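Novice: Using only what follows, build the 3D model:
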Amino acid sequence: MKINTKSDLEEALKLCKGAFLSAAGFSLLINFLMITPSIYMLQVYDRVVATGNKSTLLMLTLIVVVLFITMASLEWVRSQILVKVSSRLEMLLNQRLFQVAFKQSLYSGGQRATTQPLDDLTGLRQFLTGNGLFAFFDAPWMPVYLALLFMFHPWFGWFSILTAILLCIVAAVTEKATTKILGEANNVAMATRGALGRNLRNAEVIESMGMLGKIRQRWMIGAVKVLELQAVASSRAGLLTALSKVIRISSQSLILGLGAYLVIEREISPGLMIAGSILMGRAMAPIDLIIGTWKGFISARGQYERLNTILLQIPAEKDRMLLPDPQGRLQLENAVVVPPGSKLPIIKGINLVIEKGDIVGVIGPSGAGKSTLARAILGIWPTANGAIRLDGAEVFNWDREHLGGFIGYLPQDIELFEGTISENIARFGDIDPDQVVEAAKMADVHDLILRFPEGYDTLIGSTGGNLSGGQRQRIGLARALYGNPVLVVLDEPNSNLDEQGEAALEKALIKLKEKQTTVLIITHRNSVLSKVDKLLILSEGTLAVYGPRDQVIAHLQQQQQQAVAPVAQPA
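Specialist: Purely as a prediction, here's the structure:
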């Protein structure tokens, strides 16, 4: 039995169903009142003009004015309903889509970092409050207008149906002529914006090495292609919109001619002639409006499909039962890790145990899988096979908000966030001044922070402002040490440190050892390895050697001696 899984977008629209039904109800009343101008003209020509009765004209005019005011009020209420429902839709989905955008970036290592899901939600919300949606509310009432036209005279009805068929053909041609090309333009535009965002984050490299011209040229290729595609689509849509307008205006004039003929033949009154023209114009207006707003409809449909797809691809995280606070024991059981978007494993069947309080140095050549191993241990990337356990539970079974307070992580690329130094160190949670200062002292950055004019309240940006690479790294280290974590992962923690910074790092490791904190240090520099308990050597994603530091070093030295031992010469 197949189970149809609905996306969060479909569930949110279902919650808003009542509001849409209310808008449809108001559309019913509005469209009934839309008949008012036709009835007014019918009465004026057949009663007022024929009798010359000014009192009748005054009363009819007053009634029509009141009805017009009522219709305007109903339209305003309907628009407010759609504004409210669009705002509710965004409030129901914005946090979920924020998590989706975050997961996209997380699983791609930042390569697919984009706000596109949130932009799509904003675009869909704007469409819900635009004229295009009103046309879809009004279109179902077109048969009512056609029925009235048949009541006026069958020829009026058949003429209007012919006009409606012609307009529907134009709408179908518009769909065929623009949908594919607009979709391609949107895809190219999204790719171009994503590439531009990544380039802007590397502005210093681009400027320093004179790459701006070439980068701009590559960006222009995408930008020009988008303009070309949109120009073609707009040209086609404009032509078809003009055609639909010509058909509608011409039909309104032609129906007057048809009405005049029927008046001459004494089959209808002059009032029905004028009323029929007005009523047919009202009947065709939704189709004409749909064609005119077709580009917005295509964009909204693409946004809906993208949101639906991505919400199904990245389901919401389930609420997990809180486990006891972790202690820091790690166990890898035949762990295989495949980076998201790749098919080849980087970590290949590793088995090992890291006891609570161990300081483990992770070394190996570039591409051996050291950073991938760190991401897997932290639960950033899932295992394709096997398991990585923290205190017996798989890292993915932990509640991330709960676990995060017990984890410290210093990545290779230090990213600080918009805010104060204290907020960055406290991970933007409730600031505990004592713990902030303690973490800063462990990273030996306390005195440096105090020298800033605003101290811990100094505002910094994502790149650290005027901070040097080493200063950013030490603030990042303080952030990793904040709150007495039980597991700390340091990826190249001394890559930007001078001698003073390295000394501070060694002191921090000693203090972590005293606190029985489990530490993994990924490094290419041997100076910090004097403070580790164990060494883990990776080679092409496999575990080459793992054990106490002195034993591993002795093993490596023995291998080196055997490799360089002189070959005995024949006598």
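
Novice: what residue lies at the spatial centre of the chain?
Specialist: Pro117 (2.3 Å; C-alpha atoms, centre = their mean).

Novice: Met442 touches Glu514, doesn't it?
Specialist: No - Met442 sits out of contact with Glu514 when judged by C-beta atoms under 8 Å, with a separation of 10.8 Å. Quick note: C-beta positions are derived from backbone N, CA and C, even for glycine.

Novice: Just give the number of residues close to Leu74.
Specialist: 19 (other C-beta atoms under 10 Å).

Novice: how close does it sit to Phe26?
Specialist: 5 Å (C-beta to C-beta, to the nearest Å).

Novice: Give me the distance from the helix or strand hosting Ile30 to the chain's centre.
Specialist: Using DSSP states H and E, Ile30 sits in helix 17-33. Distance of helix 17-33 from its chain centroid, counting by C-alpha atoms, centre = their mean, to the nearest Å, is 32 Å.

Novice: Could you do stretch 535-553 as well?
Specialist: Distance, centroid of stretch 535-553 to centroid of chain: 41 Å (C-alpha atoms, centre = their mean).

Novice: Quick one: low-confidence residue ranges for the stretch 101-250 of the chain.
Specialist: For the stretch 101-250 of the chain, the stretches flagged by pLDDT under 70 are 107-114, 197-198, 200-205, 207-209.

Novice: how about 90 then?
Specialist: Scanning the stretch 101-250 of the chain for pLDDT under 90 picks out the ranges 101-153, 156-157, 160-161, 163-250.

Novice: can you give me the helices for it?
Specialist: With DSSP state H, counting those that start in this stretch as the criterion, the stretch 101-250 of the chain has helices at 116-128, 131-138, 142-152, 154-200, 203-208, 212-264.

Novice: How far off centre is the first one?
Specialist: In terms of C-alpha atoms, centre = their mean, the centre of helix 116-128 is set 10 Å apart from its chain centre.

Novice: repeat for the fourth one
Specialist: Its chain's C-alpha centre lies 24 Å from the corresponding centre of helix 154-200 when counted by C-alpha atoms, centre = their mean.

Novice: between that helix and helix 212-264, how big is the angle?
Specialist: With axes from the mean of the first three to the mean of the last three C-alpha atoms, to 10 degrees applied, the angle from helix 154-200 to helix 212-264 works out at 170 degrees.

Novice: same for helix 154-200, what does it pack against?
Specialist: Applying 3 or more C-beta pairs under 8 Å, 6 or more residues apart in numbering; DSSP states H and E, we find helix 154-200 packed against helix 142-152, helix 212-264, helix 270-292, helix 294-313.

Novice: Output those in JSON lines, with distance to Tyr409 and mean neighbour count appended to each entry.
Specialist: Listed next are the helices and strands packed on helix 154-200 as JSON lines, based on distance: least, C-beta to C-beta, whole Å; neighbours: other C-beta atoms under 10 Å:
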{"stretch": "helix 142-152", "distance to Tyr409": "61", "mean neighbour count": "18"}
{"stretch": "helix 212-264", "distance to Tyr409": "31", "mean neighbour count": "16"}
{"stretch": "helix 270-292", "distance to Tyr409": "52", "mean neighbour count": "22"}
{"stretch": "helix 294-313", "distance to Tyr409": "26", "mean neighbour count": "18"}
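
Novice: Please name the residues that touch Glu317.
Specialist: Going by C-beta atoms under 8 Å, 6 or more residues apart in numbering, Glu317 touches Gln99, Arg400.

Novice: in the chain, which helix or strand is least confident?
Specialist: helix 203-208 (a mean of 67; mean pLDDT, DSSP states H and E).

Novice: Roughly how far does Gln252 sit from Ser244?
Specialist: As defined by C-beta to C-beta, Gln252 lies at a distance of 13 Å from Ser244.

Novice: Which strands or helices does the helix or strand where Gln99 lies pack on?
Specialist: Element membership of Gln99 [criterion: DSSP H and E] is helix 54-107. Under the contact definition 3+ C-beta pairs under 8 Å, 6+ apart, helix 54-107 sits against helix 8-15, helix 17-33, helix 36-43, helix 116-128, helix 131-138, helix 294-313.

Novice: switch the cut-off to 6 Å
Specialist: Contacts defined by 3 or more C-beta pairs under 6 Å, 6 or more residues apart in numbering; DSSP states H and E place helix 54-107 against helix 8-15, helix 17-33, helix 36-43, helix 116-128.

Novice: Please tabulate these in JSON lines, including the columns distance to Pro340.
Specialist: What follows is these, written out as JSON lines (distance: least, C-beta to C-beta, whole Å):
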{"stretch": "helix 8-15", "distance to Pro340": "21"}
{"stretch": "helix 17-33", "distance to Pro340": "36"}
{"stretch": "helix 36-43", "distance to Pro340": "60"}
{"stretch": "helix 116-128", "distance to Pro340": "17"}
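
Novice: which stretch among those helices comes nearest Pro154?
Specialist: Among those, helix 36-43 comes nearest to Pro154, with 17.3 Å by C-beta to C-beta.

Novice: ok and that closest one relative to helix 142-152, angle-wise?
Specialist: Going by the same axes, to 10 degrees, helix 36-43 makes 10 degrees with helix 142-152.

Novice: Mind listing residues that contact helix 36-43?
Specialist: Residues outside helix 36-43 that contact it (C-beta atoms under 6 Å, 6 or more residues apart in numbering) are Leu60, Val64, Leu67, Gly271, Ile274, Ala275, Ile278, Leu279.

Novice: now, which of these sits nearest Leu149?
Specialist: Here the nearest of these to Leu149, counting by C-beta to C-beta, is Leu279; it sits at 5.9 Å.

Novice: Switch the contacts of helix 36-43 over to a markdown table; also include pLDDT.
Specialist: Shown next, in a markdown table, are the contacts of helix 36-43 (pLDDT from 0 to 100):
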| residue | pLDDT |
| --- | --- |
| Leu60 | 87 |
| Val64 | 88 |
| Leu67 | 90 |
| Gly271 | 82 |
| Ile274 | 85 |
| Ala275 | 84 |
| Ile278 | 84 |
| Leu279 | 84 |
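
Novice: Which among the helices and strands packed on helix 54-107 is found nearest to Ile363?
Specialist: Closest approach to Ile363 among these is made by helix 116-128 (38.9 Å; C-beta to C-beta).

Novice: Would you mark the buried spots in that closest one?
Specialist: If you call a residue buried by 16 or more other C-beta atoms under 10 Å, then helix 116-128 has these buried ones: Gln116, Pro117, Leu118, Asp119, Asp120, Leu121, Thr122, Gly123, Leu124, Arg125, Phe127, Leu128.

Novice: so the third one makes contact with Leu97?
Specialist: Yes - with contact taken as C-beta atoms under 6 Å, Leu118 and Leu97 are classed as touching, separated by 5.3 Å.

Novice: sorry, back to before: just want to know which of Met442 and Glu514 has more residues nearby.
Specialist: For the pair Met442 and Glu514, the greater number of neighbours falls to Met442 (24 against 9), based on other C-beta under 10 Å.

Novice: How much space separates that one from Asp413?
Specialist: 22 Å.

Novice: And for Gly183?
Specialist: Counting by C-beta to C-beta - Gly183 and Asp413 are separated by 35 Å.
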